[in-house]
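Peer 1: Provided below are the primary sequence and the corresponding predicted coordinates.
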Amino acid sequence: MRPDRRLIMDRPVADGYPDVSGYVPEGMERDSLHLPRVEEPELLRHYIALSRDNFGTDSGPYPLGSCTMKHNPKYADRLASLPSVGRMHHHMDEGHAQGSLEIMRRMERALGQISGMDAISLQPSAGAHGEYAAMLIVRAYHASRGEERDEVIVPDSAHGTNPASAAMAGYRLVEIPSGEDGCVDLEALEAALSDRTAALMLTNPNTLGIFERRVKELAAMVHAKGALLYYDGANLNAIMGKTSPGAMGFDLVHFNLHKTFATPHGGGGPGSGPVGVKAFLEEFLPIPRIVDDTHGLALDWARPKSIGKVNGAMGNFAIILRAYAYILRQGGDGLKECSERAVLNSNYLKKRLEGHYEVPFADPRKHEFVASARNLKKEKGVRALDVAKRMIDHGIHPPTIYFPALVEEALMIEPTEDETMESLDRIADVMISIAEEDPATVLAAPHSAPVGRVDESKAVKDAVLSYRRMMSLREGSR
Amino acid sequence: MRPDRRLIMDRPVADGYPDVSGYVPEGMERDSLHLPRVEEPELLRHYIALSRDNFGTDSGPYPLGSCTMKHNPKYADRLASLPSVGRMHHHMDEGHAQGSLEIMRRMERALGQISGMDAISLQPSAGAHGEYAAMLIVRAYHASRGEERDEVIVPDSAHGTNPASAAMAGYRLVEIPSGEDGCVDLEALEAALSDRTAALMLTNPNTLGIFERRVKELAAMVHAKGALLYYDGANLNAIMGKTSPGAMGFDLVHFNLHKTFATPHGGGGPGSGPVGVKAFLEEFLPIPRIVDDTHGLALDWARPKSIGKVNGAMGNFAIILRAYAYILRQGGDGLKECSERAVLNSNYLKKRLEGHYEVPFADPRKHEFVASARNLKKEKGVRALDVAKRMIDHGIHPPTIYFPALVEEALMIEPTEDETMESLDRIADVMISIAEEDPATVLAAPHSAPVGRVDESKAVKDAVLSYRRMMSLREGSR
Amino acid sequence: MMDYIGIGFEDELFKDVPEEVRCHLPLPKGISEREVSKEIGRILSKNRHAGEVPSFLGVGCYDHYIPAAVDHVTSRSEFYTSYTPYQPEISQGMLQALFEYQSHICELTGLDAANCSMYDGATALGEAARMCARLNDGDVFLAPRSLTREKVSVLRNYLIGTGVELELYGWDDDGGVDLDDLEGRVTDGLCGLYAETPNLFGVIDARVPLLRAMTDAPLVVGVNPLTLALMRAPGDMGADIVVGDGQCLGSPMNYGGPGLGLFACRQEHVRKMPGRVIGLTEDTRGGQAFCMTLQTREQHIRRGRATSNICTNVALVAVAAAVFMSYHGRDGLIALAKENIDRARRLMDLVSDIDNVQSPVFDNHHFNEFVVELPVKPEKINCILARKGLQGGLPLSAHVPELGDCMLLATTEMHDDDTQDRFVSVLREVL
Amino acid sequence: MMDYIGIGFEDELFKDVPEEVRCHLPLPKGISEREVSKEIGRILSKNRHAGEVPSFLGVGCYDHYIPAAVDHVTSRSEFYTSYTPYQPEISQGMLQALFEYQSHICELTGLDAANCSMYDGATALGEAARMCARLNDGDVFLAPRSLTREKVSVLRNYLIGTGVELELYGWDDDGGVDLDDLEGRVTDGLCGLYAETPNLFGVIDARVPLLRAMTDAPLVVGVNPLTLALMRAPGDMGADIVVGDGQCLGSPMNYGGPGLGLFACRQEHVRKMPGRVIGLTEDTRGGQAFCMTLQTREQHIRRGRATSNICTNVALVAVAAAVFMSYHGRDGLIALAKENIDRARRLMDLVSDIDNVQSPVFDNHHFNEFVVELPVKPEKINCILARKGLQGGLPLSAHVPELGDCMLLATTEMHDDDTQDRFVSVLREVL
Ligand SMILES: Cc1ncc(COP(=O)(O)O)c(C=O)c1O
Ligand SMILES: Cc1ncc(COP(=O)(O)O)c(C=O)c1O
């Protein structure tokens, strides 16, 4: 463990304030700002030291379920750093931006082929944003047909963004429980469906890593009620080249380019969450649309039925570009192989853990599976959280924990296709050793991280989100 | 401390050898090669983990005497990564390379102004290489005058490359001792000088950080004997804008761009070691020379008296470019300020250490100073080496130790201008705490480095320089 | 591995995928890294970027110089290959960097709390409007008519689930808030009030500090963070929420994305705030530590009742902004802001010397950009400029039709005198 | 700080610098990072790099594709901002990377020891010749006349202090070693013998394996490391020392520098070897560790009697090479080497179709490059090609005057069919 890292703001700022008069209207002049300047040598040491306290996929295995922590290939970053990517303004004359537009057009086509959708908009900024765009499209679609539908159905195993997006779009949520087999309970679905149902949001394989085999049947039920079927693309990495949302009967889908297409997660973002639809929904997609024109590619804003804009520009081009580079590199066969290896890795690791951790539900799994620390908790008082913290000591990023909620003490594990067998064995060995270890050691973990276990409830209680707040509390307490 | 890092070569390579017939003459085909392929995810984890076991100036203070471990500004690296730097071949038509040539021409001029020399060649690849080029020029000069001079005088405080370069050029070495004041003993010099003397090699300030005040007198003595005076530019960072080798009476000089001009040391290189001369020596400089021509800048190979080539191309352009960017950024005033701050930092740190470490010789110092652990060794058995290893535990790179040899248990300290006062205080506090600490702790240091103290004599005894050798020894010992 | 699992070939792992949904992936074969780089390079070479064709576009997205130190930090793979810092013990680096980002934003805005990013300036505004609806009962959200069509559309889309209506108020002769128009629209049913400074017209609006007195409803102020080095903190003007786009703080334009949605608010409202926030706390040893906090506001816990659906944000862009701000510091930001104003003034003056051109249309203080009125359709001018290797400003017709003959011209420190002069002389020539 | 030292102004620290040597630094004032970038960008834009003007130059320096992973590793600041690993405890990363580099080079060359770099291929050759003089008493070092003038000059300069004379032997009709000529020159006084494969003419020379039998003096073989993926290891051909340039292993051409001097030798000679070497050892806990070793050969210890004066080498370029080799692995290097031969064969054939051109001059196996004979002075051809946006090959006149009408043409995997075709059609046009 390391000494506290000083804050940038702990440095002084010179007294007085430089004269700013004449630059802003009289009376609006600023007269104080605590923003220390740090010379480059010290600045870099500060941030590089911080980076060294952080764990990324380049640091070691990162089997964080649902997040698809693939390796981020460096060629994609190199391409994204070109000035012909960075120094482009989205309002430029189309004639100046034929390169960017062509990348986007090609990317739309590739995503269409991968998903079996007819039209794609690259505009949404992340997965949840794509969900939101899709919900707006659902609204616009039903409204265009003069239908009033105000409910969206979401399985209990859905990712939190699904209900949140539907709610943001003004829908009432109807949650349906999973069946014994971890799949959607079709009876419960039937009961939930009505002519108030605007859409069902689903991911397949679902968050348990289980493929919903009866998806066609389910699609028919939804469509029979006049509702739309929405695909949460976060799990697309499991099925590329095997099936597609289109083939399964979905009407709309979002993609997470930062999951399936290997773009960096950036410590939380930026990502990119394109949305794809079947032809009958195309007219509702966000504007502008990329179209052909006598001079090349152009932007079309004249789409009266469009939902309009979901963000201020064209989408996260720097991410889209990386994802397109990745798709080119892999090609169709390569993407299929990614899915195959991701699923193989997941099933291998699952098998290695069985007998040490409960792994509810029947075989096979797709790209991820959910184990449970329920028995450990019962027998030794070791929770999923403790297992996670102890994994840190072994240089392995913990799995997602406590999600999905329907599995007690859940450990949601997604190794991705990029881990070698050796690395999978190490993950397994570590997790098994923790299950067998003296609980005292596990409960006190991590032992070798930059800091000890972090007090999250104190953070909530204090709610100190800035240096400013920190200082005013300190002064207050004097 | 961390587990052993696996070697790349510890991985298997597929059996058999791909068919290479037809590609090389019959009978010359290769049939085995142990060179494992590592997929990018694993490859990057491997090398990034290695990098994390390494300490650079971006990691913390690096007061390594004589090496001038300045911060390496990132703008210079960014410029050096442009294709108009990297994708240029040195045999290109000059018309295609006007940019590279202009950078080089400007750099020659700037170095001329900084050093007070009349002509510069950027060809040598590092400091020692510049020394060698200079010694070849000395030879060529005396030969051109029909003189046979076979001795080069070097003070005992000189850097090892000085005698090594002179010897490589075929000179007999005459070493002269330093005087009481740490400067060249002028009487000893007088005694050593003769008509066999080809040159005196000197750095000023010398490796003790002391300015040779009587340099003019000394130059006169050397010149009176018909010998040349050579300046080792490794210490140029102490005097920019205050004096110059030219002003002091030197005839030739080398520069270390990777010291004075902030280019990265790269874990040992590449650097760049231009050589500068007074006008009367210009004709001996390496070829080609950059000259003006009707179409712009051109390369002139027709220099019959030139020493020819010292390396295969034009010098380390990627380093020269960075250094030129740094010179532009600093400007004349900025470089002078660098020297001032470097000297201030050195004297401040020296003062802080006095009373805890012996610091032989009188004030002031220039950019570096040599402290001694002699008293610590006598009183507690703690040597300079032990102090160095213990500093590692505090995240500070140790100073240069056991050089120059004329100071017992030498700790040669050069903080450079880039350390803040806070950082200097930390270096001092750490070194003082070590002087006062329980010797047992110091002798067993480092305690928190990636590995414990390394057995250097075993390395010498075994002389295992490759995996191949390692494996053949292992097999032999079975 | 397959042996261990007990399968003979990989496709057995997909036996749960019914035949009826199987399909083929009709993409071409993969190519090497070198070929990818060449192919993408070839496509991108069709672009004419701002380094080749000087561009006078702004509107929230600017071509500023990015210090190399910024790129160096964001390319540290420990940062950029990490996920959201759910495991604080091995994410202290990202957490502290984001806490520092939040802190800088709080200093600039004069508020005590900031989140660690929204997607971009437009969605930050949308989220702010939604937050107003959580803070307050009203059914109208007031925003200036001087907004881009993008912002208006996003705002409408974000308000869709709240039942709150968007209403737009006008501008005055000097490009600032039309106080009379606004006055008339402020009613008891006001859910929230939004104003910008600098606004769409680049005007630093002296009337924004007057708005606080007009209503008790939450006041949202939109800013350019660079301007804040010179301008009083919106928190001190009574703003409850401050939004804006931080792309100008060390990120490339990237054809519009990613941006950096700034979002700050008063401490008393933090629990109603959207997005991720990083808080200060301690570890078991009592040392300083950071973690994501107030997560019960968020979708992964509160699900349908979360303050926002946002999950992935733009953390790395926020880190770039933190580095950028520390690189410049207070005095560096002030100098940079002044330089941007000086550049804009110079261009404004030069353009105003052209006959038939009114520059600026609004006689006021400007930042980066200003509106000019042209004798010819701005779209047409842009076509001609394009042929001459220049990218003109934004025609305002699609955004504020009243200004159909106007163009919004932006300039930054990246335009030297030569570039501005060339632009002006070409403009003079074509008019 | 000044107070503490007891001085009033900074210049007091320079009171030991006598007035008589004082001088002023007449450089202009400093400028900002942004201005520096702009100014250097402006100057460099006068270059026409190989991405803009396809280049057919080689001679030991090649335009190969550099995987992005290589750059990522060398831009890790822990690596590139570090000094020579004198303190092994905090330099294990660089030490292991360099040990791996040495290991790879040993595998390729079939020798047991390699140093961790010399400045470039030419100086590695110079050092090899000097090492021969340490291993052996002779007074003549034999090298092929088919060398660039650069190599010959460096070789002479490196032999200057040894008293050994350089003598050059000829080539045969097929571009390989002229065995008869060589035979006549091999005497008891031979200090060392040097041969290259591929040689200056790009010829992979089947006669190099025959040289070992001709003398007991040390045999130095010059190689291109890429070719070694296909060609028998020189160690197996009896070489005592192998040298070459490793720039082709993941480094840009950089207008010639830095290169990467490869240097490997037999284990029995390690103590006579120049340059830094990294050795395997243990730490106090018995764990694997690396350190610089055999330092008593080096200048910082042995001073005037060191095996070489080299101090700073090109460690980071060696790291790039290590990453490059691991990225490709054996099979990747084989594929890359084959592709380079295939490219050369294709170009050779296309050029040979032009009337009046002999291509190749030497009927043999080639790697990357080959000699063509032109009906016009190659320098003249290059001028014309330059006007057409192409960079021709190396005119050989300045290097081997016997081949004054010849040009050395190089190609790599970076030239696709279109590029080669364009070159050939322009060449046809101008001849
Ligand atoms: C299943 C699922 N759906 C949706 C999302 C939301 O995507 P984003 O984080 O890009 O907004 C996630 C992200 O973790 C996810 O795992
Ligand atoms: C005083 C002195 N002279 C010469 C040199 C040699 O320079 P280089 O390492 O660049 O060959 C050094 C390097 O450490 C030095 O410190």
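Peer 2: Perfect, thanks for sending it. Ligands and ions are numbered 1, 2, ... in the order given.
Peer 1: going forward, measure contacts between C-alpha atoms and count neighbours the same way
Peer 2: Noted.
Peer 1: name the nearest residue to whatever residue of the stretch 201-350 of chain A ends up closest to ligand 1, sequence neighbours excluded.
Peer 2: Taking Cα to the nearest ligand atom, ligand 1 has its nearest neighbour within the stretch 201-350 of chain A at A:Ala234, 4.7 Å off. When the adjacent residues along the chain are set aside, A:Ala234 lies closest to A:Asn256, with 5.7 Å between them (Cα to Cα, 6 or more residues apart in numbering or on different chains).
Peer 1: residues near that neighbour, how many?
Peer 2: A:Asn256 is flanked by 30 other residues according to other Cα atoms under 10 Å in any protein chain shown.
Peer 1: the residue of the stretch 201-350 of chain A closest to ligand 1 and D:Pro26, how far apart?
Peer 2: Distance check for A:Ala234 against D:Pro26: by Cα to Cα, to the nearest Å, it reads 62 Å.
Peer 1: returning to that earlier point: contacts only, for the residue of the stretch 201-350 of chain A closest to ligand 1.
Peer 2: By Cα atoms under 8 Å, 6 or more residues apart in numbering or on different chains, the contact set of A:Ala234 is A:66-67, A:127, A:203, A:254-256, A:259-260.
Peer 1: repeat that with 7 Å
Peer 2: A:66, A:255-256, A:259 (Cα atoms under 7 Å, 6 or more residues apart in numbering or on different chains).
Peer 1: now render these as TSV, adding distance to B:Phe250.
Peer 2: Below are these laid out as TSV (distance: Cα to Cα, whole Å):
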residue	distance to B:Phe250
A:Ser66	69
A:Phe255	69
A:Asn256	66
A:Lys259	63
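Peer 1: isn't C:Lys366 up against C:Gly202?
Peer 2: In this structure residue C:366 is His, not Lys. Yes - contact criterion Cα atoms under 7 Å: C:His366 and C:Gly202 qualify, at 5.1 Å.
Peer 1: how much space between the residue in the stretch 1-150 of chain A that ligand 2 sits nearest to and B:Gly56?
Peer 2: Residue of the stretch 1-150 of chain A nearest ligand 2, by Cα to the nearest ligand atom: A:Pro41 (21.8 Å). According to Cα to Cα, A:Pro41 stands 12 Å off from B:Gly56.
Peer 1: the more surrounded of these two?
Peer 2: B:Gly56 (28 against 22).
Peer 1: ok, that one touching D:Arg76?
Peer 2: No - between B:Gly56 and D:Arg76 there is no contact under Cα under 7 Å: 9.8 Å.
Peer 1: what number of residues lie near the residue nearest to C:Glu89 when sequence neighbours are not counted?
Peer 2: What sits nearest to C:Glu89 in space, not counting adjacent residues and going by Cα to Cα, 6+ apart, is A:Val451, at 5.6 Å. Neighbours of A:Val451 under the rule other Cα under 10 Å: 27.
Peer 1: test my guess that A:Val451 contacts C:Asp283.
Peer 2: Yes - between A:Val451 and C:Asp283 there is a contact at 6.4 Å, judged by Cα under 7 Å.
Peer 1: quickly note the distance from the nearest residue to A:His254 once chain neighbours are set aside to chain B.
Peer 2: Using Cα to Cα, 6+ apart and skipping the chain neighbours, the partner closest in space to A:His254 is A:Val275 (4.3 Å). A:Val275 sits at a distance of 29 Å from chain B (criterion: Cα to the nearest Cα, to the nearest Å).
Peer 1: tell me the pLDDT at A:Val275?
Peer 2: Predicted confidence (pLDDT) for A:Val275: 98.
Peer 1: and if you look at A:Arg139?
Peer 2: Per-residue pLDDT puts A:Arg139 at 98.
Peer 1: helix/strand/coil for it?
Peer 2: Following DSSP: H, G, I helix; E, B strand; the rest coil, A:Arg139 is assigned to helix.
Peer 1: for it, which non-adjacent residue is closest in space?
Peer 2: Using Cα to Cα, 6+ apart, the closest residue to A:Arg139 is A:Ala198 (7.6 Å).
Peer 1: beta-bridge partners for the residue nearest the centre of chain C, please?
Peer 2: Closest residue to the average C-alpha location of chain C: C:Asp245 at 2.3 Å, with Cα atoms, centre = their mean. As for beta bridges, C:Asp245 partners with C:Gly261 under DSSP bridges.
Peer 1: ok, how many other residues are close to residue 150?
Peer 2: If you meant another chain, say so; for now it's chain A. For A:Asp150, the neighbour count with other Cα under 10 Å is 19.
Peer 1: oops, I was thinking of chain C
Peer 2: Per other Cα under 10 Å, the neighbour tally for C:Glu150 reads 18.
Peer 1: ok, now C:Arg145?
Peer 2: There are 18 residues near C:Arg145, going by other Cα under 10 Å.
Peer 1: can you check C:Thr296 too?
Peer 2: Using other Cα under 10 Å, C:Thr296 has 15 neighbouring residues.
Peer 1: please apply the same query to C:Arg34.
Peer 2: When neighbours are defined as other Cα under 10 Å, C:Arg34 has 17 of them.
Peer 1: for it, helix, strand, or coil?
Peer 2: C:Arg34 is classified as helix under three-state DSSP.
Peer 1: ok, now which ones touch A:Phe410?
Peer 2: Careful, residue A:410 is Ala; it's not Phe. Residues in contact with A:Ala410, defined by Cα under 7 Å, 6+ apart, are A:370-373, A:384, A:401-404.
Peer 1: bridging residues for the residue nearest to A:His254?
Peer 2: Under the criterion used (DSSP bridges), A:Val275 bridges to A:Ser121, A:His254.
Peer 1: for it, what are its contacts?
Peer 2: Neighbour list for A:Val275: A:120-122, A:130, A:134, A:253-255 [criterion: Cα under 7 Å, 6+ apart].
Peer 1: pull the distance from stretch A:377-389 to the chain's centre.
Peer 2: Put simply, stretch A:377-389 sits 26 Å off its chain's centre (Cα atoms, centre = their mean, to the nearest Å).
Peer 1: quick one: buried residues of that stretch?
Peer 2: A:381-389 (16 or more other Cα atoms under 10 Å in any protein chain shown).
Peer 1: and the nearest residue to A:Ala279 once chain neighbours are set aside, how far from A:Glu283?
Peer 2: Spatially, and ignoring its direct neighbours in sequence, A:Ala279 is nearest to A:Asp118 (5.2 Å; Cα to Cα, 6+ apart). Distance check for A:Asp118 against A:Glu283: by Cα to Cα, it reads 11 Å.
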